[in-house]
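1. Return atomic coordinates for the entry below.
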Amino acid sequence: MAWLLVIVAGMLETGFAVCLKLSHGFTRLWPTIAFCIFALGSFGLLTLALRKLDVGPAYAVWTGIGAAGTAIYGMIFLGDVVSTLKIVSISLVIVGIVGLQLSGSAH
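-> Got it, this is the predicted structure:
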């Protein structure tokens, strides 16, 4: 269950990163509000998960999901440049996330 919280928290991290961009430096109201909601949800779920998980693997998985998710979202919806190297690199991050998740131990 704790790993599920980390995974959802990582997806919410993608949401707050995208909303951070869309807020244009917190000058747009709705993306700023969405940023706050996603950030609080993400940090809250990560905090709950850390009650049962080691901090290193959990934080790395959370960050990796957020980074990969944000990069993928940017390429699909925000017009970010798509390249073979970028796709390979995101794939390596995902492989690393899976490896860290599998190596993590619950107390």
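
2. Tell me which residues are up against stretch 61-79.
-> For stretch 61-79, the surrounding residues in contact (C-beta atoms under 8 Å, 6 or more residues apart in numbering) are 3, 6-7, 9-11, 13-14, 17-18, 21, 42, 46, 80-82, 86, 90, 93-94, 96-97, 100-101, 104. C-beta: built from backbone N, CA, C; applies to glycine.

3. Show me which of those residues are buried.
-> For these, a neighbour count by 16 or more other C-beta atoms under 10 Å gives the buried set as 3, 6-7, 9-11, 13-14, 17-18, 42, 46, 90, 93, 97, 100-101, 104.

4. Just the pLDDT for the residue nearest the centre of the chain.
-> Centroid check for the chain by C-alpha atoms, centre = their mean gives Gly66 as the closest residue, at 1.7 Å. You'll see Gly66 listed with a pLDDT of 97.

5. Spatially, what comes nearest to it if we skip its sequence neighbours?
-> If the residues on either side of it in the chain are set aside, Gly66 comes closest to Glu13, at 3.1 Å by C-beta to C-beta, 6 or more residues apart in numbering.

6. packing partners for the helix or strand where Leu102 lies?
-> Using DSSP states H and E, Leu102 sits in helix 84-103. If you count contacts as 3 or more C-beta pairs under 8 Å, 6 or more residues apart in numbering; DSSP states H and E, helix 84-103 packs onto helix 55-77.

7. Which positions in the helix it packs on come out as buried?
-> Using 16+ other C-beta under 10 Å as the burial criterion, the residues of helix 55-77 that qualify are 57-62, 64-75.

8. Identify the residues contacting the helix or strand containing Phe43?
-> Per DSSP H and E: Phe43 is located in helix 29-49. For helix 29-49, contacts defined as C-beta under 8 Å, 6+ apart pick out 2-3, 5-6, 8-10, 12-13, 15-16, 19-20, 22-24, 26, 58-59, 62, 66.

9. All good on my end, thank you.
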